[in-house]
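*Asks:* Need a 3D model of the sequence below.
(one chain, ligands or ions: 3)
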Amino acid sequence: MSGNLRIDGDRLIARLAALARIGATPEGGCRRLALSDEDREGRDWLVAQLREIGLATHVDAIGNIVGVLPGQEQGPAVIIGSHIDTVATGGRFDGALGVVAGVEILASLREAGLVPKRPLAVIAFTNEEGARFHPDMLGSLVWAGGLAVEEARAGLDAEGSALGEALDRIGYAGPETPGFLEAHAYLELHIEQGPVLESEGGGLGAVTGVQGITWLELTLSGRPSHAGTTPMAYRLDPGLAAARITLRANELTREIPGQLANVGVLRVEPGNVNVVPERVVMTLDLRNPDDAGLARAEAAIRSLCSEITAQDGIAIASRDLARFPATPFTESLIAEVERSAAKHGLPIRRMISGAGHDAQMMARLCPTAMLFIQSVGGLSHNPAELSRDADMIAGANVLLGAAWRLANG
Ligand code: HGY
Ligand code: MN
Ligand code: MN
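*Replies:* Residues are numbered from 1 along each chain as shown. Ligands and ions are numbered 1, 2, ... in the order given. A predicted model of the protein is given here:
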């Protein structure tokens, strides 16, 4: 390929806008929770795009959608991927950019009549966000052989709906076996979702890996009682216990280098103003680039839970929702991404990803790397999530360069 092939930037932006209209929220973001009607609509749109380009289109048993541009030779493919599901307060670009850039790259190569030595594919993984069903990166975890389809299908959302039934309902339980397309390499373009690139005056990020992540669901059980007549010493108050755990998690972010902590779900039952709660269900999102630090944080939380149970009589049940170690990417691919950026005359710096990504799972299968573009204001998982058109087009062109070399190297 002459080094000057570029994607059609206007078409990339138009496709992103078309996808953003699916599940659009009044605040200007997107809400396409995994396996919802909005997710189905996004999937239908993606399949139609792949077919319009003339790509062989496949759906696997967990709903991963794959479009393949055949190579001169059969064999392992260079795969470009990400996701199109969003969190409830999602933006327009998290995940969508990586999938739409992959579609655009394959369309551009097809139009230019360029046939790579190896097949090139784009994949949209099911339930990357983990906002409705757990764990996150579920579709890529199944693809990588880390979770059986049947086990994934049995997962329940907060309303008690099973993932498998939701997948069947939207018609995306496909015939292919997850992982059916062998991967020669995997690349993912994604918005940074944090403030680093912007704080350094822009440029691209060559992602060296993803930090470790542990999601815990804690169910704290006390005794419902009258908020006016029950003396404080008589109360079994899981609400107070949840507050202590939340505070301790925040303290740990100051005690352990690199530690992050978030309580994203806090359900108090029965949720009456004048009843000492019976039960509290809360989630902890603990992350750290260093697995030992992450383990230290989790151990400190578990020890506080034991103390609360022993001293205050609050029973605490814990359930793992996600647990993935810090994952390094492949040096040769990171260098390939940097090389492609340099060819485009674009500044690029190495960095780790704070967010989880499907690349974290694909790294179990093949050489893997990611490319970040900056997020305006460092905001994501927020309707105001924003990346500039020029940055998205530049990112897609850098991705094209790296993917082409890998498909012909
Ligand atoms: O939670 C994450 O880091 C990703 O958005 N699933
Ligand atoms: Mn994402
Ligand atoms: Mn996300």
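*Asks:* From what I see, Gln211 and Ala326 are in contact.
*Replies:* Yes: at 5.4 Å, Gln211 counts as touching Ala326 under the criterion of C-beta atoms under 8 Å. All C-beta atoms are positioned from the backbone trio N, CA, C, and that covers glycine.
*Asks:* any residues in contact with both of those two?
*Replies:* 288-289 (C-beta atoms under 8 Å, 6 or more residues apart in numbering).
*Asks:* so for the helix or strand where Leu19 lies, what's the average pLDDT?
*Replies:* Element membership for Leu19, per DSSP states H and E: helix 9-20. For helix 9-20, the mean pLDDT works out to 98.
*Asks:* secondary structure class for the closest residue to Asn250 other than its chain neighbours?
*Replies:* In this structure, Asn250 finds its nearest non-sequential neighbour in Ala261, 6.0 Å apart by C-beta to C-beta, 6 or more residues apart in numbering. Taken by DSSP: H, G, I helix; E, B strand; the rest coil, the conformation at Ala261 corresponds to strand.
*Asks:* how close does Ala261 get to Ala17?
*Replies:* Distance, Ala261 to Ala17, by C-beta to C-beta, to the nearest Å: 36 Å.
*Asks:* now Ala342
*Replies:* According to C-beta to C-beta, Ala342 and Ala17 sit 30 Å apart.
*Asks:* So which elements touch the helix or strand encompassing Ile213?
*Replies:* Ile213 is part of strand 212-221 when elements are defined by DSSP H and E. Packing partners of strand 212-221 (3 or more C-beta pairs under 8 Å, 6 or more residues apart in numbering; DSSP states H and E): helix 238-255, strand 279-288, helix 291-312, strand 315-324.
*Asks:* is ligand 1 contacted by that strand?
*Replies:* No: with C-beta under 6 Å from any ligand atom as the criterion, ligand 1 is not reached by strand 212-221; the gap is at least 6.6 Å.
*Asks:* mind listing what's buried in that strand?
*Replies:* Using 16 or more other C-beta atoms under 10 Å as the burial criterion, the residues of strand 212-221 that qualify are 212-216, 218-221.
*Asks:* again, but for stretch 22-34
*Replies:* For stretch 22-34, a neighbour-count test (16+ other C-beta under 10 Å) marks 22-25, 29-34 as buried.
*Asks:* farthest pair in the residues you listed?
*Replies:* Ala24 and Ala34 (17.3 Å; C-beta to C-beta).
*Asks:* Which residues of this protein lie near ligand 1?
*Replies:* Within reach of ligand 1 by C-beta under 6 Å from any ligand atom, the chain has these residues: 128-130, 136, 355-356.
*Asks:* Which two of those have the greatest separation?
*Replies:* When these are compared pair by pair using C-beta to C-beta, the maximum separation belongs to Gly130 and Ala355, at 11.2 Å.
*Asks:* didn't Arg235 look like it was pressed against Val276?
*Replies:* Yes: judged on C-beta under 8 Å, Arg235 makes contact with Val276 at a distance of 5.2 Å.
*Asks:* where does Val47 sit relative to Leu69, distance-wise?
*Replies:* Distance from Val47 to Leu69, by C-beta to C-beta: 16 Å.
*Asks:* cool, and Ile348?
*Replies:* Taking C-beta to C-beta, one finds Ile348 at 26 Å from Leu69.
*Asks:* got it, and Met232?
*Replies:* Distance, Met232 to Leu69, using C-beta to C-beta: 67 Å.
*Asks:* More neighbours: which of these two?
*Replies:* Comparing Met232 with Leu69 by other C-beta atoms under 10 Å, the one with more neighbours is Leu69, at 24 against 8.
*Asks:* While we're on that one, how confident is the model there?
*Replies:* On the pLDDT scale, Leu69 is placed at 98.
*Asks:* Reformat the helices and strands packed on strand 212-221 as CSV; add mean pLDDT.
*Replies:* Listed next are the helices and strands packed on strand 212-221 as CSV, based on pLDDT from 0 to 100:
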stretch, mean pLDDT
helix 238-255, 98
strand 279-288, 98
helix 291-312, 98
strand 315-324, 97
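*Asks:* out of those, nearest to Ser375?
*Replies:* strand 279-288 (17.5 Å).
*Asks:* Quickly run through the sheet partners of the closest one, with directions.
*Replies:* strand 212-221 (antiparallel), strand 260-262 (antiparallel), strand 266-269 (antiparallel) (DSSP bridges).
*Asks:* tell me the angle of the longest one relative to helix 291-312?
*Replies:* When axes from the mean of the first three to the mean of the last three C-alpha atoms, to 10 degrees is applied, the directions of strand 212-221 and helix 291-312 differ by 10 degrees.
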